[in-house]
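*Asks:* how would this look folded up:
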Amino acid sequence: MNSPGISREARLTSHRTAATALARHSDRSLSRLLDKATPCGSGIGGTSVLLELDGLQVFVKRVPLTDLERRPENVHSTANLFGLPPWCQYGVGAVGSPGFGAWRELAVHTMTTNWVLAGTYDGFPLMHHWRVLPASPPLPGELSDVERAVAHWGGAPGVRERIVARGSSSASVTLFLEYIPRTLHEWLGEQTTAGARAADRACALVERELAAGIAFMNSQGLLHFDAHFQNILTDGHRLYFADFGLALSAGFDLTPQERAFFGRHRHYDRCYSLSYLVNWLLKDLYDLDRDEREVRTRAYAQGEHPTGIPDEAAAVIARYAPLATVMADFFRRLEAESSTPYPVEELARCLDLN
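*Replies:* Got it, this is the predicted structure:
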């Protein structure tokens, strides 16, 4: 907890070094480097590797770029090109979202990098470089059963078109990002096993940094929509919000339906992240499964107080148990029906926004 954080000066120096080095490479040269890089993982949003370059480690994410997105009239378009229903923004459930396109994700990384470079807000990994390169990540397993995925997302024809297009894509938007090694999930787990004092400090930091980062993004018209603790990085001193595969900006080319959805979900990131924190603590400190967590959260929402755990963790759970209960009920309904209405009024009461 007391190790030094990443200094702004060091970050900017590394960024300039990496950006310059990457810009010198041809597409073929970069592709060869990526072939030799260390695989980091794969998910519904793409694949990732860790690249060593001029003494620096660079995190590289390859986001599939469909043929429709590559058409000249659609290059850099942030429009919903496949006409997906807006509830595909939710990053929860048995079947993940097919995603709204690589250009949206690139646009958000450009925004967040510019905020860091301008000194407006430091809580994002820097994008050193990007390139459209041949080869695309394979279709993830949860989308490989196309009929099941289409049915889950309400049968909209655009969902099928998007999944099929992803499966046949031959290129990717390749993002070269600042490497921040630890996820919030990993770091917070280290702190809760290091004693009550470390756990209390960590819980306070996480609550404070979640609030600050989400408030900043939302003030800039940006909703993350997937701020779970594997998508947030940390140096132990601040949080860095990453992975913008489901992010939605008021500055995108939105349909009227998407604009209405955006307006109704202005506080979604706050509700999602706080309910996730409650559930994370219940899993980590009490080793409860999902059903058990929901029962316990409901009891805490009705006035029972957590016992046998660090004070700050207990306070966080008690404070946000009512909100976590509403979100848990919503997610259960969402799994059965993807177009389930978002309970904005009930959540506003939990956040005392009325």
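*Asks:* using PDB, write down the CA coordinates of the lengthiest strand in the chain.
*Replies:* Using DSSP state E, we find that the single longest strand of the chain is strand 56-65. Below are the C-alpha coordinates for strand 56-65, written out as PDB (Å, rounded to 0.1, in the frame of the first residue of the first chain):
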ATOM      1  CA  LEU A  56       9.300  -0.600 -22.300                       C
ATOM      2  CA  GLN A  57       6.400  -3.000 -21.800                       C
ATOM      3  CA  VAL A  58       3.400  -2.100 -23.900                       C
ATOM      4  CA  PHE A  59      -0.100  -3.600 -23.500                       C
ATOM      5  CA  VAL A  60      -1.600  -4.300 -26.900                       C
ATOM      6  CA  LYS A  61      -5.300  -5.000 -27.600                       C
ATOM      7  CA  ARG A  62      -6.600  -6.200 -30.900                       C
ATOM      8  CA  VAL A  63     -10.200  -5.200 -31.500                       C
ATOM      9  CA  PRO A  64     -12.000  -6.900 -34.500                       C
ATOM     10  CA  LEU A  65     -12.800  -4.500 -37.300                       C
END
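*Asks:* what's in contact with it?
*Replies:* Residues from elsewhere that reach strand 56-65, judged by CB atoms under 8 Å, 6 or more residues apart in numbering: 14, 17-18, 21-22, 34, 37, 40, 45-52, 102, 105-106, 125, 128, 132-133, 135-137, 166, 169, 171-180, 245. C-beta: built from backbone N, CA, C; applies to glycine.
*Asks:* for that strand, buried residues please.
*Replies:* For strand 56-65, the neighbour count (16 or more other CB atoms under 10 Å) marks 56, 58-65 as buried.
*Asks:* turn those residues into CSV, columns for distance to A10.
*Replies:* Output for the buried residues of strand 56-65, formatted as CSV (distance: CB to CB, whole Å):
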residue, distance to A10
L56, 11
V58, 15
F59, 16
V60, 20
K61, 22
R62, 27
V63, 27
P64, 33
L65, 32
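*Asks:* which elements pack onto the strand or helix carrying Q191?
*Replies:* According to DSSP states H and E, Q191 maps onto helix 184-192. Counting contacts by 3 or more CB pairs under 8 Å, 6 or more residues apart in numbering; DSSP states H and E, helix 184-192 packs against helix 196-219, strand 232-234, helix 268-286.
*Asks:* can I get the buried residues of strand 56-65 in CSV with distance to F252 and pLDDT?
*Replies:* Formatted as CSV, the buried residues of strand 56-65 follow (distance: CB to CB, whole Å; pLDDT from 0 to 100):
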residue, distance to F252, pLDDT
L56, 32, 94
V58, 27, 98
F59, 24, 98
V60, 24, 98
K61, 20, 97
R62, 22, 96
V63, 16, 96
P64, 19, 95
L65, 17, 97
